[in-house]
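Trainee: Predicted coordinates and the sequence they were generated for:
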Amino acid sequence: MQRLKKPWAGRFKEKTRESVESFTESISFDRRLSRYDIEGSIAHAKMLGKTGIIPIDESKRIIQGLKDIGEEIKAGRFKFMTELEDIHMNIESELTRKIGTVGEKLHTGRSRNDQIALDMRLYLRAETKKITALLRGFQKTLLFMAETHITTIMPGYTHLQRAQPVLLSHHLLAYVEMLKRDIARLSDCLKRINILPLGSCAMAGTSLPIDRQYTARLLGFERVSQNSIDAVSDRDFLIEFIFCLSIIMMHLSRMAEELTLWAGEEFSFIELPDAFSTGSSIMPQKKNPDVPELIRGKTGRVFGSLISLLTMMKGIPLSYNRDMQEDKPPVFDSIDTVKASLFVLNEMLPEIRFNRERMLKAVTRSYSTATDMTEYLVRKGMPFRKAHAITGKLVLYAIKKEKNLDELSLGEIKRFSALIEKDIYPVLTPEGSIKAKVSEGGTSPVEVRRQIRRLRRQIKAGR
Ligand code: ARG
């Protein structure tokens with residue numbers, strides 16, 4: 001094939017070495033940005049026409065050419081070329097081939113430095129919306145499950161030791177709250193993504209009478225960047241975005257860890273659907289929780305991307321440096337990972353079967369209502385510390401007798417405090433314990449139902 005001319009050929013006596021072309025190219029991955037590159041170029045061409053920098057009819061021809069290229073790419077008919085390095089040059093070169101020298105006017109008043117910053121901002125803006133939609137969908141699934149399991153009791157844990165009885169609904173809603181913050185973080189990050197860098201040109205701006213406010217309006221940007229050096233140097237919007245994704249993955253990974261534990265025989269709290277598990281090639285009895293395990297595993301990739309980007313940026317002087325081309329693979333990979341993880345978890349979760357008896361049994365055999373006994377004594381006027389110590393002694397006694405607290409006779413219990421009456425027994429059951437936790441944000445069914453209603457309303461209102 002005829003080797004294509006580089007835009008910088010005028011200054012060069014030699015052509016680029018092939019090894020250098022394959023080392024420096026980004027078209028193998030930045031082709032993902034094609035629709036945003038075209039969207040940005042169309043807006044830029046419109047602005048060039050409107051300001052009279054190029055004639056209107058030429059601007060129109062450029063726009064039509066760009067639209068045609070967009071269609072070809074969509075249909076898979078576009079031939080991406082490594083010697084044209086990146087998405088910007090691939091599209092511009094094809095434009096000129098299509099519409100002739102008029103195509104050479106498109107790059108007036110811009111550079112690839114502000115162009116790539118623009119493409120990434122447009123791309124991240126779109127992805128923020130997609131990921132937010134997935135997070136909302138997942139919240140809805142969890143809310144639905146919380147409603148279904150409003151009577152399911154399980155042990156709540158601290159230090160992975162059974163701590164206090166809680167409703168499974170309450171546990172599930174904890175994740176809804178995390179996802180709520182994840183959405184809020186993304187929406188805050190979007191404020192810093194949604195800024196137009198185009199028109200900063202290589203780094204100093206331009207002498208041509210461009211209208212950046214107009215381009216910003218065309219592309220739906222809220223603001224225009226105010227320092228051309230910063231605009232082509234800045235990747236913090238992108239690092240912040242991956243930080244948001246890292247927290248999402250950290251949350252999903254914690255859930256994945258719980259599902260993996262709960263599916264294990266030691267817990268046996270849940271059974272994962274067959275369709276979401278795999279077997280062993282050697283041990284016929286096995287059913288493995290690969291989906292949650294892989295979510296836990298893939299979390300490392302996203303954290304790794306965050307560190308790559310921070311490290312890539314920390315030592316480069318202003319303004320644009322080619323190092324920054326390396327931002328794309330980690331960003332793309334993180335976005336793919338988060339979307340795939342959210343998608344598969346959302347599909348799997350409603351099909352999990354919860355073993356209610358096992359969960360309840362784990363609560364009863366755990367002295368997990370000891371705190372309720374302490375609060376009972378507090379209600380009878382005893383100072384908290386004293387009540388704690390007395391209950392502690394009672395638990396020790398019960399352990400020795402191999403009995404649950406509510407299996408001790410009133411006579412046995414009374415030996416520890418004369419304040420204790422028959423009304424202690426309902427306090428010591430898991431149901432009684434849960435019902436009593438009426439404090440705001442607590443695990444009582446009344447409160448959990450109220451939280452479900454609140455979250456439903458908020459999610460419906462898009463908050
Ligand atoms: N492929 C480049 C990147 O991803 C586009 C900008 C290139 N600019 C340049 N001066 N070489 O950052």
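Mentor: Nice, thanks for sending it over.
Trainee: For the rest of this, base every contact and every neighbour count on C-alpha atoms.
Mentor: Fine.
Trainee: residues in contact with the residue in the chain that the ligand sits nearest to?
Mentor: Residue of the chain nearest the ligand, by Cα to the nearest ligand atom: residue 325 (3.5 Å). Going by Cα atoms under 8 Å, 6 or more residues apart in numbering, residue 325 touches residue 26.
Trainee: Spatially nearest residue to residue 154, not counting backbone neighbours?
Mentor: Once flanking residues are discounted, residue 154 sits nearest to residue 359: 4.9 Å by Cα to Cα, 6 or more residues apart in numbering.
Trainee: From the centre of this protein, point out the most distant residue.
Mentor: The C-alpha centroid of the chain is most remote from residue 411, which lies 55.6 Å away (Cα atoms, centre = their mean).
Trainee: follow-up on the earlier one: surely the residue nearest to residue 154 meets residue 156?
Mentor: No. Taking contacts as Cα atoms under 8 Å, residue 359 lies outside contact range of residue 156: 10.2 Å.
Trainee: more neighbours, the two?
Mentor: residue 359 (21 against 18; other Cα atoms under 10 Å).
Trainee: Let me know the pLDDT of that one.
Mentor: On the pLDDT scale, residue 359 is placed at 96.
Trainee: Tell me the spacing between it and residue 162.
Mentor: Going from residue 359 to residue 162 by Cα to Cα, to the nearest Å gives 11 Å.
Trainee: anything in contact with each of the two?
Mentor: residue 155.
Trainee: Give me the contact status of the least confident helix or strand in the chain by mean pLDDT with the ligand.
Mentor: Lowest by mean pLDDT, DSSP states H and E among the helices and strands of the chain is helix 18-24, with a mean of 91. No. Helix 18-24 is not in contact with the ligand by Cα under 6 Å from any ligand atom; minimum separation 8.3 Å.
Trainee: got the buried residues for the very next helix or strand once past that helix?
Mentor: Remark: after helix 18-24, the chain's next helix or strand is helix 27-30, criterion DSSP states H and E. Buried residues in helix 27-30, defined by neighbour count with 16 or more other Cα atoms under 10 Å: 27, 30.
Trainee: ditto for stretch 251-259
Mentor: For stretch 251-259, the buried set under the neighbour-count rule, 16+ other Cα under 10 Å, comprises 251, 252, 253, 255, 256, 257, 259.
Trainee: before we move on, the earlier item: contacts only, for the residue nearest to residue 154.
Mentor: Per Cα under 8 Å, 6+ apart, neighbours of residue 359: 153, 154, 155, 269.
Trainee: where's the second one, which helix or strand?
Mentor: Translated: residue 154. Assigned by DSSP H and E, residue 154 belongs to strand 153-158.
Trainee: go on, residue 295?
Mentor: helix 290-314.
Trainee: what kind of secondary structure is the residue nearest to residue 154 in?
Mentor: Under DSSP: H, G, I helix; E, B strand; the rest coil, residue 359 falls in the helix class.
Trainee: Could you check how far it is from residue 272?
Mentor: In this view, residue 359 and residue 272 are 15 Å apart by Cα to Cα.
Trainee: Over to residue 49?
Mentor: Residue 49 is 60 Å from residue 272, by Cα to Cα.
Trainee: With residue 129 instead?
Mentor: Applying Cα to Cα to residue 129 and residue 272 gives a distance of 30 Å.
Trainee: And these two? Which one has more around it.
Mentor: Legend: neighbour count by other Cα under 10 Å for residue 129 and residue 272, higher for residue 272 (23 against 15).
Trainee: The more buried one touches residue 353, doesn't it?
Mentor: Yes. Contact criterion Cα under 8 Å: residue 272 and residue 353 qualify, at 6.6 Å.
Trainee: what residues does the stretch 201-350 of the chain put near the ligand?
Mentor: So the stretch 201-350 of the chain meets the ligand at 322, 324, 325 (Cα under 6 Å from any ligand atom).
Trainee: pLDDT for the residues you listed - can I get that in JSON lines?
Mentor: Below are these laid out as JSON lines (pLDDT from 0 to 100):
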{"residue": "322", "pLDDT": "97"}
{"residue": "324", "pLDDT": "97"}
{"residue": "325", "pLDDT": "97"}
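Trainee: Which strands and helices lie in contact with the strand or helix carrying residue 173?
Mentor: Residue 173 belongs to helix 168-193 when assigned by DSSP H and E. Counting contacts by 3 or more Cα pairs under 8 Å, 6 or more residues apart in numbering; DSSP states H and E, helix 168-193 packs against helix 112-148, strand 153-158, helix 236-263, helix 445-460.
Trainee: got JSON lines for those, with mean pLDDT too?
Mentor: Formatted as JSON lines, the helices and strands packed on helix 168-193 follow (pLDDT from 0 to 100):
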{"stretch": "helix 112-148", "mean pLDDT": "98"}
{"stretch": "strand 153-158", "mean pLDDT": "96"}
{"stretch": "helix 236-263", "mean pLDDT": "98"}
{"stretch": "helix 445-460", "mean pLDDT": "95"}
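Trainee: In TSV: the ones you listed, plus distance to residue 402.
Mentor: Output for these, formatted as TSV (distance: least, Cα to Cα, whole Å):
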stretch	distance to residue 402
helix 112-148	34
strand 153-158	19
helix 236-263	26
helix 445-460	31
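Trainee: Flag every buried residue along stretch 265-278.
Mentor: Buried-residue list, stretch 265-278, by 16+ other Cα under 10 Å: 269, 270, 271, 272, 273, 276.
Trainee: ignore the last one, stretch 333-348
Mentor: 334, 335, 337, 338, 339, 341, 342, 343, 345, 346, 348.
Trainee: what's in contact with the helix or strand hosting the first one?
Mentor: When elements are defined using DSSP H and E, residue 334 is found to belong to helix 328-348. Outside helix 328-348, the residues within contact range by Cα under 8 Å, 6+ apart are 29-30, 127, 131, 134-135, 137-138, 141, 238, 242, 245, 248-249, 252, 273, 276, 291-292, 295, 298, 301-302, 305-306, 308-309.
Trainee: List only buried entries from those residues.
Mentor: Here, 16+ other Cα under 10 Å leaves 30, 131, 134-135, 137-138, 141, 238, 242, 245, 248-249, 252, 273, 276, 291-292, 295, 298, 301-302, 305-306, 308-309 buried among the contacts of helix 328-348.
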